[in-house]
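Asks: Below is the sequence, then the predicted model.
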Amino acid sequence: MDAASPDVDAALRAGIAIYDAGFYHAAHDAWEARWLSLPSGSDDERFLHGLIQFTAVVHHGRRENWKGVRGLAASAVEYLAGLPEDYRGVNLDGVRRFLDRAATDPAMIDWDRPLALTCHGVALALCDLDDDAALAAAPALAGEFNLDEAFVEATVAAVRTANADGRTGSNADGPKSSKGDGPGVTNADGSDSTDRETRDLLFDFVRCAERREEVARSLRERESGTDHR
């Protein structure tokens, strides 16, 4: 196995939680940037590539595009070949069996309830993601809620920079409401990249399913400069 990479682990947890929440196609966005940065042919590169194609199989299966399902399933199986059945804790044995079935008889699969992904034996919920995984999940979820991905990515980058410098932390490792107080995130030129409330809204967007539409609306207002606080 490749040396442990926090980036890969965070992206992996984010994508699994997004997938298990029913955002099947969006899950691949949490993995793609990490996959593209990995050495070609490495275990982690083949692993993420295979998972990306697995989610594409589900995406096409739900649209009854059987030709796309068969081709992607066969390709995904090749990428995942030779990896341990529990590589990085993921239920790869089940994934490979699902892909084999999709490649041979996709019409017999219940695409409304595709195989769930698990990590170390449990499904992952967005509400339980730690900070690193939640930050990896935010841009991947943005498109599902009409948020500008560039705005979300810039906010994520500012939060990561501040966290690395010890200037701020998350609102918690779990769902809590946003209460905007405390220091902002400051650039070298003295300008604010993001304030604490925007940062907390970002974490709530990922973690709080019952408020996600409301929080997305607040983030869109901040993006457009029409926030009426």
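Replies: All right, it came through fine. Computed from a predicted structure; not experimentally measured. Residues are numbered from 1 along each chain as shown.
Asks: contacts and neighbour counts: CA atoms only from here.
Replies: Noted.
Asks: can you list the domains in the chain?
Replies: The record's domain split for the chain, according to automatic domain parsing, is 6-124, 127-224.
Asks: Would you format those domains as a markdown table with mean pLDDT and mean neighbour count included?
Replies: A markdown table is the format used below for the domains of the chain (pLDDT from 0 to 100; neighbours: other C-alpha atoms under 10 Å):
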| stretch | mean pLDDT | mean neighbour count |
| --- | --- | --- |
| domain 6-124 | 95 | 19 |
| domain 127-224 | 78 | 18 |
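Asks: Which parts of this protein are strands?
Replies: Assigned by DSSP state E, the strands in the chain fall at 185-186, 192-194.
Asks: Dump the lengthiest helix in the chain to PDB, restricted to CA.
Replies: In the chain, with assignment by DSSP state H, the single longest helix is helix 43-61. The C-alpha trace of helix 43-61 is given here as PDB (Å, rounded to 0.1, in the frame of the first residue of the first chain):
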ATOM      1  CA  ASP A  43      -2.100   1.700  -5.600                       C
ATOM      2  CA  ASP A  44      -3.900   4.800  -4.400                       C
ATOM      3  CA  GLU A  45      -4.200   6.200  -8.000                       C
ATOM      4  CA  ARG A  46      -5.800   3.000  -9.300                       C
ATOM      5  CA  PHE A  47      -8.000   2.800  -6.200                       C
ATOM      6  CA  LEU A  48      -9.400   6.300  -6.600                       C
ATOM      7  CA  HIS A  49      -9.700   5.900 -10.400                       C
ATOM      8  CA  GLY A  50     -11.700   2.700  -9.800                       C
ATOM      9  CA  LEU A  51     -14.000   4.400  -7.300                       C
ATOM     10  CA  ILE A  52     -14.500   7.300  -9.600                       C
ATOM     11  CA  GLN A  53     -15.600   4.900 -12.400                       C
ATOM     12  CA  PHE A  54     -17.700   3.000  -9.900                       C
ATOM     13  CA  THR A  55     -19.700   6.100  -9.200                       C
ATOM     14  CA  ALA A  56     -20.000   6.800 -12.900                       C
ATOM     15  CA  VAL A  57     -21.400   3.200 -13.300                       C
ATOM     16  CA  VAL A  58     -24.100   4.100 -10.700                       C
ATOM     17  CA  HIS A  59     -24.800   7.400 -12.400                       C
ATOM     18  CA  HIS A  60     -25.300   5.700 -15.800                       C
ATOM     19  CA  GLY A  61     -27.200   2.800 -14.300                       C
END
